[in-house]
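Q: predicted model and sequence follow; I will ask about them next.
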Amino acid sequence: MQHTDSAVTARTAALRAGMDRAVLSFPLTAFSASGDLDLGAYRTLLEHQLAASPGALFVCCGTGEYFSLDLEEYAACVRAAVELAPPEVPVVAGAGHGVALATRYVRAAEEAGADAILLLPHYLTEAPQAGLAAHVRRVAAATTLPVIIYHRGQARYAVDTVTALAAEVPNLAGLKDGTGDIEHLQALRLATPPEFLFFNGVPTAELQARAYAAIGIPAYSSAVHAFAPEIAGAFHAALRAGDDATADRLLSGFYLPLARIRDRTAGYAVSLVKAGARLRGLPAGPVRPPLADPGPEDLADLERVLAAGLELI
């Protein structure tokens, strides 16, 4: 497939503008009590996110339970986001699995009208750098959209790998970091062209936002935005304004206590967020297995932390 460099450049510029403007939203995917995709409820979740004016919508990614969506459900979710998002809010679709399925998902995302792809880590196996690079090339060649690679888990890219890919793959646009390795990330940023996008994507990214900003990467994803956009927006505004007092209050009174609950159980980086949305009256529904919804004690603690965060703003 031929890549249109001017279109990639324009879409990448729109993404950069969104990253510079506001928090990056990673919406939840709504399921019914029986576990079916609930598109009506999903549209309600998207409208709730868009009302808070995010810099971009990253749909069907980790928080959106991409790993639990079949291709038909995925395409429907991406289409709904494209229909609802205003022109100034780019829609980025997650895509993962092995190369055969990943290419099918990115083609479906492009057909649905997405503006870019977040290439999630491949499924299950570890891989050498040559294999990671080949995977990126194959998936990127299946679409004309800009592709952002997600650096985490079994998909950890060496500096030489990223610089080679940035030079070879016309539509490789950037990297989302989920490792928290500031030294490695700084080496990556300094070795890539200035137009290459970077953003912070570790769980509860606000906790590391200052450290990332200090090396020239102020943009970050916010899972909190999926259930408490008021808190996410207040923290983002404080960070950008250099209002350390407000940022510290939110970190101490909300983000750190939230992270302590998150760390109690595997998968809570997603299921706790979905529980928070339900506490706010949003029709998120349950998570799909293998994730599990929080139990009563964790829900009660989450409710207290959420109330404290809302009180702080």
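A: Here it is on my side, so go on. Numbering: from 1, shown residues only.
Q: tell me how many other residues crowd the closest residue to Pro286 other than its chain neighbours.
A: Of all residues not flanking Pro286 in the chain, Asp293 sits nearest, at 5.4 Å (CB to CB, 6 or more residues apart in numbering). For every residue, glycine as well, the C-beta is placed using N, CA and C. The burial count assigned to Asp293 is 16, neighbours taken as other CB atoms under 10 Å.
Q: give me the element Asp293 is part of.
A: Using DSSP states H and E, Asp293 is not contained in any helix or strand.
Q: and what of Leu310?
A: For Leu310, the secondary-structure element it belongs to, assigned by DSSP H and E, is helix 296-312.
Q: what lies in contact with that helix?
A: The contact list for helix 296-312, computed with CB atoms under 8 Å, 6 or more residues apart in numbering, reads 227-228, 230-231, 234, 249-250, 253-254, 257-258, 261, 264-265, 268, 272, 275-276, 279-280, 294.
Q: okay, and which of those map to helices?
A: 230-231, 234, 249-250, 257-258, 261, 268, 272, 275-276, 279 (DSSP state H).
Q: let's have the residues you listed in a markdown table, adding distance to Ala308.
A: Formatted as a markdown table, these follow (distance: CB to CB, whole Å):
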| residue | distance to Ala308 |
| --- | --- |
| Glu230 | 13 |
| Ile231 | 10 |
| Ala234 | 13 |
| Arg249 | 10 |
| Leu250 | 10 |
| Pro257 | 7 |
| Leu258 | 10 |
| Ile261 | 12 |
| Tyr268 | 18 |
| Leu272 | 15 |
| Ala275 | 16 |
| Gly276 | 13 |
| Leu279 | 13 |
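Q: are any of these buried, and which?
A: Applying a neighbour-count criterion of 16 or more other CB atoms under 10 Å, the buried members of these are 231, 234, 249-250, 257-258, 261, 268, 272, 275-276, 279.
Q: show me the helices in the chain, by range?
A: Using DSSP H, the helices of the chain run over 5-21, 39-50, 71-84, 99-112, 129-140, 159-168, 182-191, 209-214, 229-241, 244-250, 256-262, 268-279, 296-312.
Q: can I get these in JSON lines including mean pLDDT?
A: Converted to JSON lines, these look like this (pLDDT from 0 to 100):
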{"stretch": "helix 5-21", "mean pLDDT": "90"}
{"stretch": "helix 39-50", "mean pLDDT": "98"}
{"stretch": "helix 71-84", "mean pLDDT": "98"}
{"stretch": "helix 99-112", "mean pLDDT": "98"}
{"stretch": "helix 129-140", "mean pLDDT": "98"}
{"stretch": "helix 159-168", "mean pLDDT": "98"}
{"stretch": "helix 182-191", "mean pLDDT": "97"}
{"stretch": "helix 209-214", "mean pLDDT": "96"}
{"stretch": "helix 229-241", "mean pLDDT": "97"}
{"stretch": "helix 244-250", "mean pLDDT": "98"}
{"stretch": "helix 256-262", "mean pLDDT": "98"}
{"stretch": "helix 268-279", "mean pLDDT": "98"}
{"stretch": "helix 296-312", "mean pLDDT": "98"}
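Q: tell me which of the ones you listed sits nearest to Val92.
A: Among the helices of the chain, the nearest to Val92 by CB to CB is helix 5-21 (7.3 Å).
Q: pull out the buried residues from the closest one.
A: By neighbour count on 16+ other CB under 10 Å, the buried set for helix 5-21 is 8, 11-12, 14-16, 18-19, 21.
Q: before we move on, what about stretch 67-76?
A: Judged by neighbour count using 16+ other CB under 10 Å, the buried positions of stretch 67-76 are 67-69, 73-76.
Q: with stretch 137-156 instead?
A: Of the residues in stretch 137-156, 139-152, 155-156 count as buried by neighbour count, 16+ other CB under 10 Å.
Q: kindly report the same for stretch 260-280.
A: 261-262, 268-280.
Q: the helix holding Leu310 vs helix 229-241, what angle?
A: Calculated by axes from the mean of the first three to the mean of the last three CA atoms, to 10 degrees, helix 296-312 forms an angle of 50 degrees with helix 229-241.
Q: out of the buried ones among the ones in helices among the contacts of helix 296-312, flag the one nearest to Ala127.
A: Distance to Ala127, by CB to CB, is smallest for Tyr268 among these, at 27.1 Å.
Q: how about the residue nearest to that closest one when sequence neighbours are not counted, what does it touch?
A: Using CB to CB, 6+ apart and skipping residues adjacent in sequence, the residue nearest Tyr268 is Arg262, 4.7 Å away. Arg262 is in contact with 203-204, 268-269, 272, counting by CB under 8 Å, 6+ apart.
Q: swap in Ala142?
A: If you count contacts by CB under 8 Å, 6+ apart, then Ala142 has 1, 102-103, 106-107 around it.
Q: for Arg11, same thing?
A: Residues in contact with Arg11 (CB under 8 Å, 6+ apart) are 90, 115-116, 145-146, 173.
Q: could the residues you listed go into JSON lines alongside pLDDT and distance to Ala284?
A: Conversion of the contacts of Arg11 to JSON lines gives the following (pLDDT from 0 to 100; distance: CB to CB, whole Å):
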{"residue": "Pro90", "pLDDT": "97", "distance to Ala284": "23"}
{"residue": "Asp115", "pLDDT": "97", "distance to Ala284": "24"}
{"residue": "Ala116", "pLDDT": "97", "distance to Ala284": "25"}
{"residue": "Leu145", "pLDDT": "97", "distance to Ala284": "27"}
{"residue": "Pro146", "pLDDT": "97", "distance to Ala284": "29"}
{"residue": "Ala173", "pLDDT": "97", "distance to Ala284": "30"}
